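1. Quick one, fold the following:
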Amino acid sequence: MKLDVNTLPDDPEQLKKMLLELQLVVTQKDCELAEKDKELNEKDTQYQELLERYNIKLANEYGKKSEKMPGADEVFNEAEVTLDEQDEQLLASVSTEGKTEPKVKPKRKPLPPELPRREVIIDIDDTDKTCDCCRNPLHKMGESSSETLEFVPAHIKVIKTIRPKYTCRHCERKGIENHIKMAQMPATPIPKSIATASLLSQIITCKYQFGLPLYRQETMLSDIGIELSRQTMSSWILRCATLLEPLYMRLKKTLLAEPAIHADETPLKVIKAEKATSYMWVYCCGTDALGSNTNIVLFDYHNSRRAQCAIDFLDGYQGYMHVDGYKAYESTQATLVACLAHIRRKFIDVKKLQGKKKTGKVDVVLNLIGKLYGIEKRIKGKSVEEKFAIRQSQAKPIVTTLYNWLIEHKDKIPPKSKLGEAMSYSLNQFEKFQRYLEDGRLSIDNNRAERAVKPFVIGRKAWLFSYTNTGANASAILYSLVETAKANNLIVHDYIATCLQQIAEKPNDIDALLPWNIKRS
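-> Modelled structure (predicted):
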């Protein structure tokens with residue numbers, strides 16, 4: 001509204017009144033504008049949150065799966081967070097000890113000398129064994145040789161067991177009751193079945209080690225002339241799991257006697273189950289390095305993800321247990337150790353949102369975490385006492401620095417941003433994470449369990465689901481023995497076949513079938 005000076009009244013009181021009315025209108029407009037600005041800011045924040053989640057989802061689907069710090073080929077863009085002097089000092093102090101070694105050009109390894117060999121001599125014709133110049137005969141000066149691999153398909157043979165029967169002709173002539181004598185039938189895993197321990201082990205390893213569903217095995221056997229239905233093989237698998245259950249329980253007893261274990265869980269679809277989503281829990285001990293004293297991987301099926309599942313399996317276990325951030329584990333009696341890999345993963349997601357060649361606050365955290373992993377790499381293979389001493393002198397100050405940085409910056413970062421969420425998760429897990437400094441036997445992360453559950457996840461993509469709870473429980477037992485055999489550097493097929501045959505013959509001698517005893521025998 002335009003005001004003409006000439007039309008304004010000359011009365012001061014009336015002018016004051018008009019000024020107050022105008023001031024009130026302006027105030028109302030200012031309030032409305034402030035409210036609209038607030039709405040716009042909220043919408044912008046929501047938009048940024050959705051955009052972050054979309055970009056991370058896009059990166060996880062189509063980008064690199066590695067958790068190493070992204071390089072220069074990133075496709076995301078976000079405003080760079082300005083670093084203060086303290087952050088710049090932390091970044092400048094990054095250790096250069098972990099320089100990447102130059103790549104060694106790969107060379108073809110020689111074929112194993114123990115493999116059978118068949119020599120094939122390819123010679124020139126006798127007519128060509130003369131000199132092209134002087135026509136004199138040529139002499140052999142040497143030879144050139146190369147080796148190739150030939151695959152011979154597996155073959156199946158029938159073992160025909162013949163047991164001669166013996167009777168007394170004298171008693172027959174005299175009419176005396178006669179007794180027929182013959183040798184007892186050898187013990188087999190499944191009595192009165194055509195399956196030997198070797199065939200059963202082949203079916204088990206194909207499904208649980210190599211992820212080959214039974215219907216594909218049915219086709220493979222049909223190709224070599226054996227008609228064996230998947231229903232029959234499924235029945236055999238259930239009976240084998242029942243036979244091997246005492247060995248599974250013996251391994252569980254050994255696992256729960258360890259001072260530190262790892263745990264994780266993954267979803268599983270079971271058709272005839274009460275709930276739509278079931279879970280396969282995994283518990284393991286030892287390391288990924290072959291040859292350590294006790295390497296055990298055990299799966300435990302439940303139609304639930306409730307804390308009671310872990311409580312029942314652990315049965316009062318009070319040692320250290322490496323876990324992720326799932327709260328159900330807090331209901332157990334174990335001393336929980338959080339996983340640094342899960343903490344790092346949150347910040348890696350933030351790093352993916354950062355622009356090309358930009359440095360932000362997330363780099364400070366990732367570099368400190370990188371230092372901790374660098375220390376773990378250097379102490380790999382050392383004794384428990386040496387690990388503890390080095391962690392206390394080198395890793396503990398870095399852990400303290402990381403914690404202080406998170407505390408200092410938690411109020412400066414919007415809590416609903418990806419960086420804010422990563423910092424909140426880290427602080428919630430920090431007390432459990434830094435427990436790894438207490439004992440040299442502990443790990444800095446829970447990667448042991450994540451790698452142990454990976455074969456199950458890959459196999460699940462092939463066979464998709466279990467039909468019943470009984471089948472899922474059988475899968476848990478058989479996956480446990482397969483992965484435990486692999487962790488102890490055993491040939492899975494031979495180990496499963498040995499266990500099936502030995503338990504059929506000597507069901508009470510379970511200790512002899514523990515992987516480390518098999519290996520030493």
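2. dump the residue contacts of Ser466.
-> Leu268, Lys269, Val270, Ile271, Ser278, Ala472, Ser475 (Cβ atoms under 8 Å, 6 or more residues apart in numbering). For the C-beta atoms, the positions are set from N, CA and C on the backbone; glycine is no exception.
3. got those as JSON lines, with distance to Leu442, secondary structure and neighbour count columns?
-> Putting the contacts of Ser466 into JSON lines (distance: Cβ to Cβ, whole Å; DSSP: H, G, I helix; E, B strand; the rest coil; neighbours: other Cβ atoms under 10 Å) gives the following:
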{"residue": "Leu268", "distance to Leu442": "29", "secondary structure": "strand", "neighbour count": "22"}
{"residue": "Lys269", "distance to Leu442": "34", "secondary structure": "coil", "neighbour count": "13"}
{"residue": "Val270", "distance to Leu442": "34", "secondary structure": "strand", "neighbour count": "24"}
{"residue": "Ile271", "distance to Leu442": "40", "secondary structure": "strand", "neighbour count": "12"}
{"residue": "Ser278", "distance to Leu442": "30", "secondary structure": "strand", "neighbour count": "20"}
{"residue": "Ala472", "distance to Leu442": "32", "secondary structure": "helix", "neighbour count": "24"}
{"residue": "Ser475", "distance to Leu442": "30", "secondary structure": "helix", "neighbour count": "25"}
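4. Now the two most distant members of those.
-> Ile271 and Ser475 (13.3 Å; Cβ to Cβ).
5. if we can go back for a sec, got JSON lines for the contacts of Ser466, with pLDDT too?
-> Shown next, in JSON lines, are the contacts of Ser466 (pLDDT from 0 to 100):
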{"residue": "Leu268", "pLDDT": "93"}
{"residue": "Lys269", "pLDDT": "92"}
{"residue": "Val270", "pLDDT": "92"}
{"residue": "Ile271", "pLDDT": "90"}
{"residue": "Ser278", "pLDDT": "93"}
{"residue": "Ala472", "pLDDT": "94"}
{"residue": "Ser475", "pLDDT": "95"}
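6. Go through those and name the one nearest Tyr436.
-> Of these, the one sitting nearest to Tyr436 (Cβ to Cβ) turns out to be Leu268, at 29.8 Å.
7. What's the separation between that closest one and Asp363?
-> For Leu268, the distance to Asp363 (Cβ to Cβ, to the nearest Å) stands at 38 Å.
8. Flag the shaky bits of the stretch 1-150 of the chain, pLDDT-wise.
-> Within the stretch 1-150 of the chain, the segments meeting pLDDT under 70 span 1-5, 52, 56, 59-101.
9. residue boundaries of the helices in it?
-> 12-62, 85-92 (DSSP state H, counting those that start in this stretch).
10. and those, which is most packed in?
-> Mean neighbours per residue, mean count of other Cβ atoms under 10 Å, is largest over these for helix 85-92, with a mean of 13.
11. which is the next helix or strand following that helix?
-> Later in the chain than helix 85-92, the nearest helix or strand by DSSP states H and E is helix 169-174.
12. follow-up on the earlier one: how about the helices of the stretch 1-150 of the chain in TSV, adding distance to Gly459?
-> Supplementary listing: the helices of the stretch 1-150 of the chain in TSV, determined by distance: least, Cβ to Cβ, whole Å:
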stretch	distance to Gly459
helix 12-62	22
helix 85-92	43
